[in-house]
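Trainee: pasting the structure only:
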């Protein structure tokens, strides 16, 4: 299972456009806290984005669910006995209202 998880996470990361996300974050000055000092509050690098996404993907597999931070959302679901790993970057709020 470990090799399958590693391969799936690797494919997910390889097919994600981190440069595009980075360009958007620079354009809107979207900063992350990358440490405890005020100067550590900055737009993350492409490497920071990739590292965060990788940690989230493994956490989603481990927890068998959805995890997210900093705009990223990683989810693991099982459908028809097959695992599905998904990585998204959510840049804007999505609100749904239900009436009951």
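Mentor: The structure has been received and is ready for your questions. Because the structure is a prediction, the values reported are computed rather than measured. Residues are numbered from 1 along each chain as shown.
Trainee: hmm, who's touching the strand or helix carrying residue 11?
Mentor: Per DSSP states H and E, residue 11 falls inside helix 2-14. With contact meaning C-beta atoms under 8 Å, 6 or more residues apart in numbering, helix 2-14 is reached by 50, 53, 54, 57, 58, 61, 83, 85, 86, 87. C-beta coordinates here come from the backbone N, C-alpha and C atoms, glycine included.
Trainee: So which of those sit within strands?
Mentor: Of the contacts of helix 2-14, the ones assigned to strands by DSSP state E are 83, 85, 86, 87.
Trainee: Format the residues you listed as JSON lines; extra columns: pLDDT, neighbour count and distance to residue 65.
Mentor: Formatted as JSON lines, these follow (pLDDT from 0 to 100; neighbours: other C-beta atoms under 10 Å; distance: C-beta to C-beta, whole Å):
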{"residue": "83", "pLDDT": "82", "neighbour count": "14", "distance to residue 65": "12"}
{"residue": "85", "pLDDT": "92", "neighbour count": "17", "distance to residue 65": "12"}
{"residue": "86", "pLDDT": "94", "neighbour count": "13", "distance to residue 65": "12"}
{"residue": "87", "pLDDT": "96", "neighbour count": "19", "distance to residue 65": "14"}
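Trainee: Nearest to residue 75 among those residues?
Mentor: Of all those, residue 86 has the smallest distance to residue 75: 4.8 Å, by C-beta to C-beta.
Trainee: Can you tell me the closest non-neighbouring residue to the closest one?
Mentor: residue 75 (4.8 Å; C-beta to C-beta, 6 or more residues apart in numbering).
Trainee: Model confidence score at that neighbour, please.
Mentor: Looking at residue 75, its pLDDT reads 95.
Trainee: So residue 29 sits against residue 43, correct?
Mentor: Yes - counting by C-beta atoms under 8 Å, residue 29 does reach residue 43; the two are 6.8 Å apart.
Trainee: average model confidence for whichever strand or helix holds residue 21?
Mentor: Using DSSP H and E, residue 21 sits in helix 18-28. Averaged across helix 18-28, the pLDDT comes to 96.
Trainee: got the contact list for it?
Mentor: With C-beta under 8 Å, 6+ apart, helix 18-28 has contacts from 30, 43, 44, 45, 46, 49, 50, 53, 71, 89, 91.
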